[in-house]
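[1] Only the shape, not the letters, is given here:
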């Protein structure tokens, strides 16, 4: 194919020139597309057939392939087929090398569903062989598979998903696929798939995961609408394997903080869907979705506020999670991590009393589980920072002292001290009264043994009174 005006890529060690479209690259939103015609190689530049390598003479005449623009002999370029993808509705010469792919792309333009199905199945099969795959990419088969995703036939859509999955495994093609609308096409496939189409679901989610792992494309996966179909898959009655890769996909997306705004602010149904999945009977699903929400809670105060608001509107799913005792301890680890993050949101403190009460119950019950205790006491320290909660925490002060201040775990010990200091600041009398009965020794010991605290107190005191002064 003529290389003029085309983008060159290296695919499996060979340089090729992927097909380009006239107008927009996005063929999913602009179907049916038209391919840009290849520049014909000039007759004087061709001395032998590019397929059979026989030299041209007065008997062996030169013929141009309308698909690739190369010069071939009549034996290697004898077939004629319509090429509507290039704007040729009447049969035109096509060389033997281009014929298999060109015929399939032509069939894709038919109004007959069986021809469209043949095109999807044929192109998908050709992607499995690297030499055929190169032709698929050069002649517009990639765009055709995306275009065919708009068709309703179930088997056709499965074939498209399979072909696009194979193409996506070749890293040089990812940006071309993304520009051509592959992400939106896959989202469309997933949005209309049912629980029985397991292979399509696996292929579709796997494609999106590949895009997410490619630098610079994770944000496009979110902006092109991947969250809702993935959430839909999570709520289907599918196999545990499919549910698992769907959750892996969610967690992969939320690793990038740049995706958080798109999920929380732009997709109004994403948060309610996520929260509803926290009370799924599948504890593996609970674990994954709580991990996703915990990641989202690492963003701005506004993001935490939105999560709390939506949870309140969803009948406090997170409270239900905390009150249950799942066999999978990681569910509670992720839930308490999420609550501890949400507890830093100042404007919603009055709405989170139930959260705090649930966390307080976990303090004693799971004092031997360090992975849970670490987040539980962090949550209490964050709650204690705000006056409304310090008084309520007073009844739990003995447990905080005995469990946390005596802990050898640095995080638990330090957050326990944070909790008590906040309580002393906001409810001094009640807290002191309880500490004098039991716990003062532990508090002073903790203060003295925590690096920097005594020095910090001394610096603050020195700001109040001078070290040196003249006699009055």
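    Great, that's in hand. This one's a predicted model, so the numbers in the text were calculated from it and none came from an experiment.

[2] can we go C-alpha only for contacts and neighbour counts from here?
    Fine.

[3] My reading is that residue 308 lies in a helix. Confirm?
    Yes. Counting by DSSP: H, G, I helix; E, B strand; the rest coil, one finds residue 308 located in a helix.

[4] which ones are touching it?
    342, 348 (C-alpha atoms under 8 Å, 6 or more residues apart in numbering).

[5] Distance of it relative to residue 332?
    According to C-alpha to C-alpha, to the nearest Å, residue 308 stands 18 Å off from residue 332.

[6] max-length helix in this structure?
    Criterion DSSP state H: the longest helix present in the chain is helix 410-426.

[7] Now do it: which elements does it pack against?
    When contacts are defined as 3 or more C-alpha pairs under 8 Å, 6 or more residues apart in numbering; DSSP states H and E, helix 410-426 sits against helix 370-384, helix 387-393, helix 428-437, helix 440-449.

[8] if we go to 10 Å?
    Helix 410-426 sits against helix 370-384, helix 387-393, helix 397-399, helix 428-437, helix 440-449, with contacts defined as 3 or more C-alpha pairs under 10 Å, 6 or more residues apart in numbering; DSSP states H and E.

[9] so residue 80 is in which element?
    strand 79-83 (DSSP states H and E).

[10] oh, I was asking about residue 122
    Here residue 122 is assigned to helix 113-126, by DSSP H and E.

[11] Give the next helix or strand downstream of that helix.
    By DSSP H and E, the next helix or strand past helix 113-126 is helix 130-139.

[12] Domain parsing of this protein, as residue ranges.
    The chain breaks down into these structural domains: 1-180, 372-454 (assignment by automatic domain parsing).

[13] From the chain's centroid, how far away is the longest one?
    Taking the mean C-alpha point of domain 1-180 and that of its whole chain, the gap between them comes to 32 Å (C-alpha atoms, centre = their mean, to the nearest Å).

[14] cool, and stretch 191-208?
    That offset, for stretch 191-208, works out to 15 Å (C-alpha atoms, centre = their mean).

[15] cool, stretch 209-222 as well?
    With C-alpha atoms, centre = their mean, you get 7 Å for stretch 209-222.

[16] pLDDT averaged over it - what is it?
    The average pLDDT within stretch 209-222 is 90.

[17] which parts of it are buried?
    209, 210, 211, 212, 217, 218, 219, 220, 221, 222 (16 or more other C-alpha atoms under 10 Å).

[18] Next, format the residues you listed as CSV and append secondary structure and distance to residue 290.
    Below are the buried residues of stretch 209-222 laid out as CSV (DSSP: H, G, I helix; E, B strand; the rest coil; distance: C-alpha to C-alpha, whole Å):
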residue, secondary structure, distance to residue 290
209, helix, 19
210, helix, 23
211, helix, 23
212, helix, 20
217, coil, 24
218, helix, 20
219, helix, 21
220, helix, 23
221, helix, 21
222, helix, 19
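
[19] As TSV, those residues with distance to residue 397 would be great.
    Listed next are these as TSV, based on distance: C-alpha to C-alpha, whole Å:
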residue	distance to residue 397
209	46
210	49
211	50
212	46
217	49
218	45
219	45
220	48
221	47
222	45
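
[20] List the residues that contact residue 203.
    Shown in contact with residue 203 (C-alpha atoms under 10 Å, 6 or more residues apart in numbering): 158, 159, 160, 161, 162, 163, 164, 165, 166, 186, 190, 209.

[21] If we use 8 Å, what do you get?
    Counting by C-alpha under 8 Å, 6+ apart, residue 203 has contacts 161, 162, 165.

[22] what's the nearest residue to the last one if we skip its chain neighbours?
    In space, and not counting its chain neighbours, residue 165 is closest to residue 207: 5.4 Å by C-alpha to C-alpha, 6 or more residues apart in numbering.

[23] what do you get for residue 280?
    For residue 280, the closest residue by C-alpha to C-alpha, 6+ apart turns out to be residue 286, at 6.1 Å.

[24] how close does that neighbour get to residue 292?
    On the measure of C-alpha to C-alpha, residue 286 and residue 292 end up 10 Å apart.

[25] Who has more neighbours out of these two?
    Using other C-alpha atoms under 10 Å as the criterion, residue 286 and residue 292 rank with residue 286 on top: 27 against 23.

[26] coming back round to it: what's the angle from the helix holding residue 122 to helix 130-139?
    120 degrees (axes from the mean of the first three to the mean of the last three C-alpha atoms, to 10 degrees).

[27] Now tell me what touches helix 113-126 from outside.
    101, 104-105, 107-110, 132-133, 136, 141, 145, 148, 153, 155-157, 159-160, 162-164.

[28] and what of stretch 179-187?
    By C-alpha under 8 Å, 6+ apart, the list of residues contacting stretch 179-187 reads 25-29, 143, 146, 149-150, 161, 164, 177, 204, 207-208, 221, 224-226, 229.

[29] quick one: low-confidence parts of the protein?
    1-6, 266-268 (pLDDT under 70).

[30] Tell me which residues of the helix holding residue 122 come out buried.
    Applying 16+ other C-alpha under 10 Å to helix 113-126 flags 113, 115-126 as buried.

[31] And for stretch 336-351?
    Buried-residue list, stretch 336-351, by 16+ other C-alpha under 10 Å: 336, 337, 338, 339, 340, 341, 342, 343, 344, 345, 348, 349.

[32] Can you classify the first one as helix, strand or coil?
    Classification of residue 336 by three-state DSSP places it in helix.

[33] contacting residues for it?
    Residue 336 neighbours (C-alpha under 8 Å, 6+ apart): 322, 359, 372, 375, 376, 379.
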